[in-house]
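[1] Got a predicted structure plus its sequence, pasted below:
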Amino acid sequence: MVFDTFGVVAIAAASVSGFVFGAAWYGILGKVWMRAANLSEAATKPSAATMIIGFVCQTVMVLTMAGVMWHTAATTIRAGMITAVFIWVGFVVTTMIVNHRFQGQKWALTFVDAGHWFGVLMIQGGMLGALSH
């Protein structure tokens with residue numbers, strides 16, 4: 001069972017670490033992201049509800065990655081990071097490229113957002129692999 005392999009501590013650590021990475025990523029690249037998304041600084045101030053939704057979604061991502069890793073018996077740091085790359089390439093970045101192209105968004109927005117999700121998934125996969133039983 002997933003929770004026999006990846007305990008609550010591993011799930012929580014991966015969720016929090018990914019969320020903190022996102023704060024750092026957009027703290028560094030926030031101005032680039034705002035220009036690419038054509039947003040003002042005032043328009044990018046998240047509400048508490050938005051932050052909670054973001055954290056819940058990251059936790060769902062961690063649980064999903066834990067499920068994929070468990071089903072493939074990928075319970076090492078290396079295996080977790082390889083799983084993260086496959087999930088990012090196969091689902092995350094491809095979806096973002098399609099959405100951003102149909103929305104007429106700038107490639108810079110795709111690169112900033114895709115880089116964020118790559119980092120989040122690598123951290124989540126690595127943490128799950130490191131903290132598995």
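    Arrived safely.
[2] buried residues in the helix ranked longest in the chain?
    Across the chain, the helix with the greatest residue count (assigned by DSSP state H) is helix 8-37. Neighbour-count burial for helix 8-37, counted by 16 or more other C-beta atoms under 10 Å, picks out 10-11, 13-19, 21-22, 25-26, 29, 33-34, 36-37. (Glycine included, C-beta is placed from N, CA and C.)
[3] just stretch 70-88 next, same as before
    Result for stretch 70-88 [16+ other C-beta under 10 Å]: buried residues 70, 74-75, 79-84, 87-88.
[4] follow-up on the earlier one: quick one: list the elements packing against the longest helix of the chain.
    For helix 8-37, the elements it packs on are helix 48-71, helix 107-130, judged by 3 or more C-beta pairs under 8 Å, 6 or more residues apart in numbering; DSSP states H and E.
[5] And for the helix or strand of the chain with the lowest mean pLDDT, what's in contact with it?
    Sorting the helices and strands of the chain by mean pLDDT, DSSP states H and E puts helix 2-5 at the bottom, at a mean of 80. Residues outside helix 2-5 that contact it (C-beta atoms under 8 Å, 6 or more residues apart in numbering): 63, 66-67, 69-70, 75, 132-133.
[6] show me where pLDDT drops low in the chain?
    Scanning the chain for pLDDT under 70 picks out 1.
[7] try 80
    For the chain, the stretches with pLDDT under 80 are 1-3.
[8] Among the buried residues of stretch 70-88, which lie within helices?
    Short answer: the buried residues of stretch 70-88 in helices (DSSP H) are 70, 79-84, 87.
[9] For those residues, could you give me CSV that also reports distance to Glu41?
    CSV is the format used below for those (distance: C-beta to C-beta, whole Å):
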residue, distance to Glu41
Trp70, 42
Ala79, 40
Gly80, 36
Met81, 34
Ile82, 38
Thr83, 36
Ala84, 31
Ile87, 32
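[10] any idea how far the residue lying closest to Phe118 once chain neighbours are set aside is from His100?
    In space, Phe118 comes closest to Trp88 once its chain neighbours are excluded; the distance is 5.2 Å by C-beta to C-beta, 6 or more residues apart in numbering. Between Trp88 and His100 the distance, using C-beta to C-beta, to the nearest Å, works out to 15 Å.
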